[in-house]
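Trainee: Starting from these lines, generate the structure:
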Amino acid sequence: MMKWLLPESVADALPDEAARLEILRRRLLDLYQGHGYELVQPPLIEYLDSLLTGAGRELDLRTFKLVDQGSGRTLGVRADMTAQVARIDAHLLNRSGVVRLCYCHSVLHAQPADMQASREPFQLGAEIYGYADLPADLEIVRLAAATLQSAGAPAARIDLGHMGIFRTLMTLAGVSGEGEEHFFKLLQRKDIPALDSETINWRPELRTAMLALPRLYGDRTVLDKAREALPKVPAIHKALDDLEAIINQAADLPLYVDLSDLRGYHYHSGMVFAGYCEGHSAAMVLGGRYDGVGAAFGRARPATGFSLDIRELCRLSALPVVQAAVFAPALAADATAEACEMRAQAIKVLRDRGERVIDALPGEVQAPAIATGEVVYSGGVCDRILVQMQGKWVVQAC
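Mentor: Down below sits the predicted model:
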């Protein structure tokens with residue numbers, strides 16, 4: 001076994017990618033701070049029963065588990081940060097009003113989400129706690145869209161759904177527990193033949209509604225079709241009205257409807273959404289309402305939010321070219337103290353202006369910048385040099 005090999009679906013971030021990730025992380029956290037969101041940093045490991053609160057089997061299978069040598073209890077390495085942030089809001093902050101929190105850090109998956117996914121996503125997210133009404137959902141959808149826009153990968157499509165519609169149909173049909181979860185997975189796959197065979201004994205209006213859900217996707221006119229196809233009950237009408245209100249109030253966003261594009265069976269409770277970008281087949285950002293997750297931590301707070309893998313977003317981002325450095329050659333060993341001071345001052349002025357300056361070690365040789373497409377790889381290379389001319393230090397192109 002070669003010692004430099006990494007586990008499958010785990011990769012290093014080399015200088016250019018790491019620089020771009022950091023630029024994007026700072027930009028997005030500054031965006032959230034400007035909207036009043038406070039940064040939190042949950043721990044990498046927690047007791048497993050806390051870490052998996054509100055999560056389903058899928059997250060359980062993705063979670064690395066180990067035994068705490070001090071307590072003997074089972075620990076988990078976080079595979080998602082949503083429950084951790086809910087714990088912080090419910091138990092540690094314990095504020096009574098609206099709380100806006102954001103986070104950005106690595107999570108670890110025992111199994112990748114798909115064949116091409118990383119097992120170490122760099123998860124970024126934002127959450128609103130303590131507000132149960134539509135304006136919070138609208139703020140979160142807008143912030144998710146602003147996230148993609150700020151990264152230079154604007155949303156091509158944002159699909160809206162609602163867990164309340166599915167759960168109401170399950171209640172009317174008398175389906176719960178494992179049966180409900182089974183139908184949830186069939187809807188996610190839009191498996192109409194399976195739904196057709198497994199709803200054969202349902203009441204006709206409920207069967208019609210269930211078979212209609214996978215076909216109810218498209219522009220806002222889908223909501224009118226949904227009102228015709230779905231049972232005329234208050235909970236479903238309220239869900240459709242909420243989706244229509246979001247579309248009306250965010251007409252500038254590419255909002256669509258997909259009533260079977262559901263996720264988060266074990267914790268989502270209301271509106272859900274998925275944001276897609278050009279050049280990326282899977283959803284880039286996922287979010288929605290998940291009221292009640294904090295109940296396990298002592299307070300069942302209303303909550304809504306979103307998260308994404310900033311590594312994936314960085315690959316699509318139209319970030320500016322990484323700034324190349326200025327090479328400052330070392331002085332000769334017999335240089336005067338005055339010459340050394342003038343050179344040091346020149347370097348300081350450049351750095352204070354935001355320039356990257358490599359203060360060369362004795363014998364260090366300058367390396368040229370390498371341009372590839374629109375990217376300049378300049379982790380340790382330079383496109384300019386600091387030279388002394390007529391008693392002054394000036395920057396020249398290489």
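
Trainee: just checking, what packs against the lengthiest helix in the chain?
Mentor: Counting by DSSP state H, the longest helix found in the chain is helix 15-34. For helix 15-34, the elements it packs on are strand 38-39, strand 99-106, strand 122-129, helix 134-150, helix 310-316, strand 375-377, judged by 3 or more Cβ pairs under 8 Å, 6 or more residues apart in numbering; DSSP states H and E. Every residue, glycine included, has its C-beta placed from N, CA and C.

Trainee: So for the fourth one, what gets flagged as buried?
Mentor: Right, helix 134-150. Neighbour counts using 16 or more other Cβ atoms under 10 Å place 134, 136-148 of helix 134-150 among the buried residues.

Trainee: Neighbours of Ile200, how many?
Mentor: 7 (other Cβ atoms under 10 Å).

Trainee: Phi, psi for the nearest residue to it once chain neighbours are set aside please.
Mentor: Spatially, and ignoring its direct neighbours in sequence, Ile200 is nearest to Arg207 (7.5 Å; Cβ to Cβ, 6 or more residues apart in numbering). Dihedral pair for Arg207: phi -60, psi -40, per degrees, to the nearest 10.

Trainee: about what we covered before: JSON lines for the buried residues of helix 134-150, including pLDDT and distance to Pro362?
Mentor: Formatted as JSON lines, the buried residues of helix 134-150 follow (pLDDT from 0 to 100; distance: Cβ to Cβ, whole Å):
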{"residue": "Leu134", "pLDDT": "95", "distance to Pro362": "65"}
{"residue": "Ala136", "pLDDT": "97", "distance to Pro362": "60"}
{"residue": "Asp137", "pLDDT": "97", "distance to Pro362": "61"}
{"residue": "Leu138", "pLDDT": "97", "distance to Pro362": "60"}
{"residue": "Glu139", "pLDDT": "98", "distance to Pro362": "56"}
{"residue": "Ile140", "pLDDT": "98", "distance to Pro362": "55"}
{"residue": "Val141", "pLDDT": "98", "distance to Pro362": "57"}
{"residue": "Arg142", "pLDDT": "98", "distance to Pro362": "55"}
{"residue": "Leu143", "pLDDT": "98", "distance to Pro362": "51"}
{"residue": "Ala144", "pLDDT": "98", "distance to Pro362": "51"}
{"residue": "Ala145", "pLDDT": "98", "distance to Pro362": "52"}
{"residue": "Ala146", "pLDDT": "98", "distance to Pro362": "49"}
{"residue": "Thr147", "pLDDT": "98", "distance to Pro362": "46"}
{"residue": "Leu148", "pLDDT": "97", "distance to Pro362": "47"}
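
Trainee: Any stretches of this protein with poor pLDDT?
Mentor: 1, 54-58, 265, 320-322, 367-380 (pLDDT under 70).

Trainee: On the three-state scheme, the residue nearest in space to the middle of it is what?
Mentor: When Cα atoms, centre = their mean is applied to the chain, the residue found nearest the centroid is Leu308 (1.5 Å). Here Leu308 is recorded as strand under DSSP: H, G, I helix; E, B strand; the rest coil.

Trainee: Surely it touches His280?
Mentor: No: contact criterion Cβ atoms under 8 Å: Leu308 and His280 do not qualify, at 10.8 Å.
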